[in-house]
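Enquirer: build me a model from this:
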Amino acid sequence: MTDAPKPGRQVEVSAEVSSIGGYRKVAIAGQPGVGPFAFVADEGGYMPGGEGTAPTPLSYFVAGVGL
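Expert: The predicted structure is shown next:
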């Protein structure tokens, strides 16, 4: 007797990240068939080099856990 395949699905997500100055970075991410989305992140002014122009990478992570 062989085991039947388990139900499930495969999810593919890709991202490309580039530095745009200081700690500021932009990520272009998405899934096939869904348009790409841009995420900009920066560190706060409390970090030398951070300008606080966008959410911090940790803010995106914490929000993602909640979603």
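
Enquirer: only C-alpha atoms from now on, for both contacts and neighbour counts.
Expert: Will do.

Enquirer: tell me how far residue 65 lies from residue 49.
Expert: Look at residue 65 and residue 49: by CA to CA, to the nearest Å, they are 27 Å apart.

Enquirer: and those two? Which one has more around it.
Expert: With other CA atoms under 10 Å as the criterion, residue 65 and residue 49 differ in neighbour count, and residue 49 comes out ahead with 14 against 7.

Enquirer: Three-state assignment for the more buried one, please.
Expert: Here residue 49 is recorded as coil under DSSP: H, G, I helix; E, B strand; the rest coil.

Enquirer: now it, nearest residue through space, not along the chain?
Expert: The shortest distance from residue 49 to any non-neighbouring residue, by CA to CA, 6 or more residues apart in numbering, is to residue 22 (5.6 Å).

Enquirer: ok, how many other residues are close to the one you found?
Expert: 12.

Enquirer: just for this protein, where's the confidence low?
Expert: For the chain, the stretches with pLDDT under 70 are 1-2.

Enquirer: all helices of this protein, in order?
Expert: For the chain, applying DSSP state H gives helices covering 57-66.

Enquirer: quick one: the strands in it?
Expert: Secondary structure of the chain (DSSP state E): strands at 14-21, 24-30, 37-41.

Enquirer: now those in CSV, with mean neighbour count and distance to residue 7?
Expert: Listed next are these as CSV, based on neighbours: other CA atoms under 10 Å; distance: least, CA to CA, whole Å:
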stretch, mean neighbour count, distance to residue 7
strand 14-21, 12, 23
strand 24-30, 17, 24
strand 37-41, 16, 29
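
Enquirer: can you lay out those as CSV showing distance to residue 61?
Expert: CSV is the format used below for these (distance: least, CA to CA, whole Å):
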stretch, distance to residue 61
strand 14-21, 15
strand 24-30, 13
strand 37-41, 11
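
Enquirer: nearest to residue 6, of those strands?
Expert: Proximity to residue 6, assessed across the strands of the chain by CA to CA, is greatest for strand 14-21 (25.1 Å).

Enquirer: perfect, I'm done here.
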